[in-house]
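1. One predicted model, sequence on top.
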Amino acid sequence: MLKPFENINYFESIFKEYFNPLVNFVNKYLNNFENSREVVQMTFVKLWANRSNLEVRSSVKSYLFKLPKTR
């Protein structure tokens, strides 16, 4: 299994690349930009906190876009 989030540099690059697209994606459902930012921010916080237990079985992008739906 791929565990990409254990590397801080990789995690930071993923955050920079996907934070805004994820906010826009979540905002389509919430229609509240600030709440959408908070949901995505908490998603990344939980990712980092649980990074050693995560198993990504698809692309990182697919994995990230599925996470806010479960929050």
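-> Perfect, I can see it now.

2. What pLDDT does the model give the most centrally placed residue in the chain?
-> Geometric centre of the chain, nearest residue: Leu64, 4.3 Å, by CA atoms, centre = their mean. Listed pLDDT for Leu64 reads 87.

3. List of residues touching the helix or strand it falls within?
-> Taking DSSP states H and E as the definition, Leu64 sits inside helix 60-66. Residues outside helix 60-66 that contact it (CB atoms under 8 Å, 6 or more residues apart in numbering): 4, 14, 18, 22, 25, 43, 56-57. Using the backbone N, CA and C atoms, a C-beta is placed for each residue, glycine as well.

4. show me where pLDDT drops low in this structure?
-> Within the chain, the ranges that satisfy pLDDT under 70 run 1-4, 69-71.

5. so where do the helices sit in it?
-> 8-30, 33-49, 60-66 (DSSP state H).

6. coming back round to it: would you mind checking the contacts of helix 60-66 for buried ones?
-> 14, 18, 22, 25, 43 (16 or more other CB atoms under 10 Å).

7. Among those residues, which pair sits farthest apart?
-> Ile14 and Phe25 (14.8 Å; CB to CB).

8. For Asn31, what are phi and psi?
-> When read as degrees, to the nearest 10, the backbone of Asn31 gives phi 50, psi 40.

9. What's the local residue count around it?
-> Residue neighbour count, defined by other CB atoms under 10 Å, stands at 8 for Asn31.

10. and if you look at Ser36?
-> If you count neighbours by other CB under 10 Å, Ser36 ends up with 20.

11. can you tell me which residues contact it?
-> Counted by CB under 8 Å, 6+ apart, Ser36 has contacts 23-24, 26-27, 30.

12. quick one: which of those residues has the most company?
-> Neighbour max across those (other CB under 10 Å) = Val26, 23 neighbours.
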